[in-house]
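> got a sequence here, can you build the structure:
(one chain, ligands or ions: 1)
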Amino acid sequence: MKVLVTGGCGFIASHVVDAYVNEGYEVVIVDNLSTGKMENKNKRAKFYKVDICDEEVEKVFKVEKPEIVNHHAAQISVPLSVQEPLLDAEINIKGTLRLLGLSKDNGIKQFIFSSTGGAIYGEATKVPTDEEYPPVPASPYAISKFSSERYIQYYHSQFGLDYTILRYSNVFGPRQIPHGEAGVVAIFTEKLLAGQQPTLNHFPEERKGMVRDYCYVKDVARASINASKSKKVGIFNIGTGTGTYTIDLYTEVIRALRSKGKTIPNRFDKPKRDMARPGDIKVSTLDASKAKKELKWQPNYDLHEGLVETVDWYINL
Ligand SMILES: NC(=O)c1ccc[n+]([C@@H]2O[C@H](COP(=O)([O-])OP(=O)(O)OC[C@H]3O[C@@H](n4cnc5c(N)ncnc54)[C@H](O)[C@@H]3O)[C@@H](O)[C@H]2O)c1
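Just a heads-up that it's a prediction; the model follows:
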């Protein structure tokens, strides 16, 4: 079975590629390396340095004839989407539409899409939030992801293109870049290792920071495998259901670093403070019961286990 993974040199999708390769899939990567890195590329995957917004991507479909498209390439910064909504839409909406058209024309059997449970529900009144909750996207990034979901469902109902939409919570792990949708673990770890005091962003009324559902990237990558094997059509939250305040995450990162023998000065036990950024929401956790039932997916790592593996990777960079 051949799968085309877009964004396969980036943080999450490079783990998705690794998981597919380990499961015996043939993998083709399309990535423009805007944020992705060649060192993330799995040696057994074929690579095309192509932009998903470029007509050239059609050649990859024609030459490679994949059966599954797993679409992870995106503009992933919420603040950048606020500053440049047009750029965000160009990549996230138009890029996705191009891939959908090519998938329809080239007989793709399943279109897997990485959406965002962390941003799409907005400031939900029900947490953990399930897939039935009506999305109230609160940033251009969340709007572009939600629009893509709607186009995917249109291509399904109109042209019979089967899809699986995975709405991720806040993903963390090795290879994460600090300025993405949920880069806080990468930011804290890189700063602490560089001997600098990290900053905690918070709303004025909640000094503990935001509440987020942190899910380890290897668990997240497994969701694509389960989606490919089960071929389930639908929308699935992928998260742990557990909420963690930013300050508690901060303490856990320091604990993980110290458990690996790193000296973190006591004066860093408390972070610097700054205001929440545009597009930030206060509380976000996901109910992934549907993925557990239908995709047979559930997280294997708890936060501490995931953080220990993550900081180990940053230490050995
Ligand atoms: N990080 C999270 O917590 C999180 C949460 C929910 C959803 N997601 C989604 O998961 C996906 C991967 O996110 P990530 O955190 O790994 O980000 P990332 O920036 O590490 O990966 C994105 C990859 O896509 C590539 N890319 C970007 N624009 C491209 C284009 N126009 N053409 C070809 N390649 C392009 C980049 O070079 C990079 O390799 C994104 O779709 C993102 O929206 C991430």
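> show residues contacting the helix ranked longest in the chain.
Using DSSP state H to define each element, the chain has its longest helix at helix 140-159. Residues outside helix 140-159 that contact it (Cβ atoms under 8 Å, 6 or more residues apart in numbering): 74-78, 80-82, 85, 88-89, 92-93, 96-97, 100, 103-104, 111, 113, 115-116, 119-120, 122, 135, 137, 161-163, 165, 181, 233, 235, 279. Where you see a C-beta, it was placed from the backbone N, CA and C, and this is true even at glycine.
> chain center to it: distance?
Chain-centre distance of helix 140-159: 17 Å, with Cα atoms, centre = their mean, to the nearest Å.
> so which bits of it are buried?
140-149, 151-153, 155-156 (16 or more other Cβ atoms under 10 Å).
> filter the contacts of helix 140-159 down to the ones in helices?
Secondary structure defined by DSSP H assigns 78, 80-82, 85, 88-89, 96-97, 100, 103-104, 119-120 of the contacts of helix 140-159 to helices.
> tally of neighbours for V21?
V21: 16 surrounding residues under other Cβ atoms under 10 Å.
> just name whatever secondary elements the helix or strand encompassing it is in contact with.
Counting by DSSP states H and E, the element that carries V21 is helix 11-22. If you count contacts as 3 or more Cβ pairs under 8 Å, 6 or more residues apart in numbering; DSSP states H and E, helix 11-22 packs onto strand 2-6, strand 26-31, strand 68-71, helix 217-230.
> can you tell if the longest one touches the ligand?
Right, helix 217-230. No. Using Cβ under 6 Å from any ligand atom, helix 217-230 stays clear of the ligand, coming no nearer than 8.2 Å.
> contacts for the helix holding V21, please.
3, 5-8, 27, 29, 31, 36, 40-42, 44-45, 70, 72-73, 114, 168, 171, 173, 175-177, 180, 217-218, 220-222, 224-225, 228.
> hmm, which of the residues you listed are the buried ones?
Applying 16+ other Cβ under 10 Å to those flags 3, 5-8, 27, 29, 31, 36, 40-42, 45, 70, 72-73, 114, 168, 171, 173, 175-177, 180, 217-218, 220-222, 224-225, 228 as buried.
> who in the stretch 51-200 of the chain is up against the ligand?
Contact residues (Cβ under 6 Å from any ligand atom) of the stretch 51-200 of the chain with the ligand: 51-53, 72-74, 76, 91, 95, 114, 116, 118, 168, 170-171, 177, 180-182.
> let's see that with 5 Å instead.
51-52, 72-74, 76, 91, 114, 116, 168, 170-171, 180-182 (Cβ under 5 Å from any ligand atom).
> pick the one among the residues you listed closest to D287.
Y168 (13.6 Å; Cβ to Cβ).
> residues contacting the residue nearest to that closest one when sequence neighbours are not counted?
Nearest-residue entry for Y168: I238, 5.1 Å, with adjacent residues in sequence omitted and distances by Cβ to Cβ, 6 or more residues apart in numbering. I238 makes contacts with 117, 166-169, 215, 219-220, 223, 286, 288, 291, 297, as judged by Cβ under 8 Å, 6+ apart.
> among those, which one lies nearest to K62?
Scanning those for proximity to K62, where the rule is Cβ to Cβ, the winner is L166, at 27.0 Å.
> was I right about the closest one contacting I225?
No. Between L166 and I225 there is no contact under Cβ atoms under 8 Å: 11.2 Å.
> related to what we said a few turns ago, quickly note the distance from the residue nearest to Y168 to C215.
7 Å (Cβ to Cβ, to the nearest Å).
> shared neighbours of these two, anything?
Joint contacts of I238 and C215 (Cβ under 8 Å, 6+ apart) are Y168, S169.
> now the contacts of helix 140-159: which count as buried?
Members of those classed as buried by 16+ other Cβ under 10 Å are 74-78, 80-81, 88-89, 92-93, 96-97, 100, 103, 111, 113, 115-116, 119-120, 122, 135, 137, 161-163, 165, 181, 233, 235, 279.
> surely Y48 is in a strand?
Yes. According to DSSP: H, G, I helix; E, B strand; the rest coil, Y48 belongs to a strand.
> for this structure, which helix or strand comes out least confident on mean pLDDT?
helix 78-83 (a mean of 91; mean pLDDT, DSSP states H and E).
> fine by me, thanks again.
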